[in-house]
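Trainee: dropping a prediction and its sequence here:
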Amino acid sequence: MKREIYDEDHEAFRASVKEFVDRSVLPHTDQHIADKALPREFWLEAGKQGLLGLEIPEQYGGAEAGDYRFNAVLQEELAKVGAAYPTCHGIHADITAPYIVELGTDEQKERWLPGVASGEILLAIGMTEPSGGSDLAALKTTAVRDGDEWVINGSKTFITNGYSCDLVVTAVRTDPEKGPKGITLFGIEATKEGFSRGRKLDKVGMEESDTAELFFENVRVTDAEIIGELNMGFIHMMQKLPQERLACSIANVAHAKQILLETIQYAKERHAFGAPIGTFQHIKFLLADLVTRIEVAEAYIDKCVLAHSKGELTAVDAAKAKWYSSDVQGEVLEHCVQIHGGYGFMNEYRVARAWRDARVTKIWAGSNEIMKELIGRDLGL
Ligand SMILES: Cc1cc2nc3c(=O)[nH]c(=O)nc-3n(C[C@H](O)[C@H](O)[C@H](O)COP(=O)(O)OP(=O)(O)OC[C@H]3O[C@@H](n4cnc5c(N)ncnc54)[C@H](O)[C@@H]3O)c2cc1C
């Protein structure tokens, strides 16, 4: 089905993203996997090409696109390479940067945004803690007032870009009595005394993305590092999470679609019993089924992208997009592995990696159970 959300400007932008991917990403993917991280050159190249600052005002070196469809194009093209790319890029440019752009003070914007746009300051977002991620309001990392400063103690885990980031937007408890109304966001620079990181976590998939635990031991910050308002961190996160979930949804569908297209090709080329396996009715019907599912999911996500471009995406619609897209992605990739037979289980085949990479999308950015909880609440249940 012809998609209708993109015009020629978006397609011209897509061409420049593809050029970046061909030049600066595809030749290095094996190295990224071996390093379990994206190197700084990836970020600097992306910055040079204007791919880190779509959300950032021009005065701070960004492109100030003001149209979420450009972000969507970027997510799609990176997802075609591998699921980790839109994840790492998205955490930096699409998920964390907007906290600074929309909630930061002028001084914070001047201090951080030019480096965010150029790739010299890599961002991460620290919400999840070892004691739990779904119940964000129960987070335990604390900031205690000491004169003009705050003293932060605690830890975060599963933080994407955590091993290499320069600045972490971190959710911290500033009032122990007030539950969700006692949480504040701080921009914590990785050079702060008392800040440290654990090893790169050993994940089942998405090796290219570095994921780490972060530790805060008497880290001293001031009010100048508060992002947004004191004790309003929980509300700020709730306002920003729909964009994070939409970004994930776009990548989920684009990633699965790409592997499905490659699998259709494989089904045309691989022979068994003297015929291409795609001509067996089971596989033909299965591929017909999967292509339909992808297109239906894509149509819903496209509607969400358009709604978000107009500032109309609701948290509930983003929750539907996130759980549904990750479910479809998982189902499609599971079948794609099967269609590849034994090769589907070999790491050198993209389909195998894609299948492993995709498993986490049902867990992160708010688990699918939490998405259904939000949707259920909206039903008045
Ligand atoms: C690779 C990776 C990268 C990540 N990147 C980041 C990042 O950059 N920043 C960040 O802050 N976090 C990040 N996360 C954390 C992620 O968002 C959390 O793992 C997720 O929110 C779930 O939290 P949890 O792991 O503590 O599970 P828990 O909250 O302990 O949940 C365990 C299980 O219980 C279910 N559950 C919990 N509450 C309910 C309920 N009310 N009803 C029904 N079921 C429920 C959950 O759905 C889940 O299945 C990342 C995680 C991974 C794996």
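Mentor: Looks like it arrived, so ask away.
Trainee: for residue 202, which three-state class applies?
Mentor: Judged by DSSP: H, G, I helix; E, B strand; the rest coil, the three-state class of residue 202 is coil.
Trainee: report the secondary structure element holding the residue nearest the centre of the chain.
Mentor: Closest residue to the average C-alpha location of the chain: residue 87 at 3.6 Å, with CA atoms, centre = their mean. Per DSSP states H and E, residue 87 falls inside helix 84-89.
Trainee: can you give me the offset of that helix from its chain's centre?
Mentor: 6 Å (CA atoms, centre = their mean, to the nearest Å).
Trainee: same thing with stretch 263-280?
Mentor: With CA atoms, centre = their mean, you get 35 Å for stretch 263-280.
Trainee: list the buried residues in that stretch.
Mentor: Buried residues in stretch 263-280, counted by 16 or more other CB atoms under 10 Å: 263-264, 266-267, 270, 277-278. To be clear about C-beta, it is placed using only N, CA and C from the backbone, and glycine gets the same treatment.
Trainee: those in helices, which ones?
Mentor: Of the buried residues of stretch 263-280, the ones assigned to helices by DSSP state H are 263-264, 266-267.
Trainee: closest to the ligand out of those residues?
Mentor: If you rank these by distance to the ligand using CB to the nearest ligand atom, residue 263 comes first, at 24.6 Å.
Trainee: switch the buried residues of stretch 263-280 over to TSV; also include distance to residue 211 and pLDDT.
Mentor: What follows is the buried residues of stretch 263-280, written out as TSV (distance: CB to CB, whole Å; pLDDT from 0 to 100):
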residue	distance to residue 211	pLDDT
263	28	98
264	32	98
266	30	98
267	34	98
270	35	98
277	36	98
278	37	98
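Trainee: and those, which is closest to residue 2?
Mentor: Closest to residue 2 out of the buried residues of stretch 263-280 is residue 264 (18.6 Å), distances taken as CB to CB.
Trainee: ok, the closest one to residue 285 distance?
Mentor: According to CB to CB, to the nearest Å, residue 264 stands 13 Å off from residue 285.
Trainee: and what of residue 235?
Mentor: In terms of CB to CB, residue 235 sits 48 Å off from residue 285.
Trainee: more neighbours: those two, which one.
Mentor: residue 235 (14 against 10; other CB atoms under 10 Å).
Trainee: what's the separation between the closest residue to that one other than its chain neighbours and the ligand?
Mentor: What sits nearest to residue 235 in space, not counting adjacent residues and going by CB to CB, 6 or more residues apart in numbering, is residue 180, at 7.9 Å. According to CB to the nearest ligand atom, to the nearest Å, residue 180 and the ligand sit 15 Å apart.
Trainee: identify the residue nearest residue 227 in space, chain neighbours excluded?
Mentor: residue 185 (4.3 Å).
Trainee: in the chain, what residue comes closest to the ligand?
Mentor: residue 133 (2.5 Å).
Trainee: per-residue confidence at that residue?
Mentor: According to the prediction, residue 133 has pLDDT 95.
Trainee: what's it in contact with, if anything?
Mentor: 127, 158 (CB atoms under 8 Å, 6 or more residues apart in numbering).
Trainee: do that again at 7 Å, thanks
Mentor: Each residue near residue 133 by CB atoms under 7 Å, 6 or more residues apart in numbering is listed here: residue 127.
Trainee: and what of residue 131?
Mentor: Residue 131 neighbours (CB under 7 Å, 6+ apart): residue 140.
Trainee: on that earlier part again, could I get the ones in helices among the buried residues of stretch 263-280 as a markdown table with distance to residue 99?
Mentor: Formatted as a markdown table, those follow (distance: CB to CB, whole Å):
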| residue | distance to residue 99 |
| --- | --- |
| 263 | 38 |
| 264 | 40 |
| 266 | 42 |
| 267 | 44 |
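Trainee: which of those residues sit farthest apart?
Mentor: 264 and 266 (7.2 Å).
Trainee: can you give the domain ranges for this protein?
Mentor: Listed domain ranges for the chain are 8-121, 125-231, 234-378 (source: automatic domain parsing).
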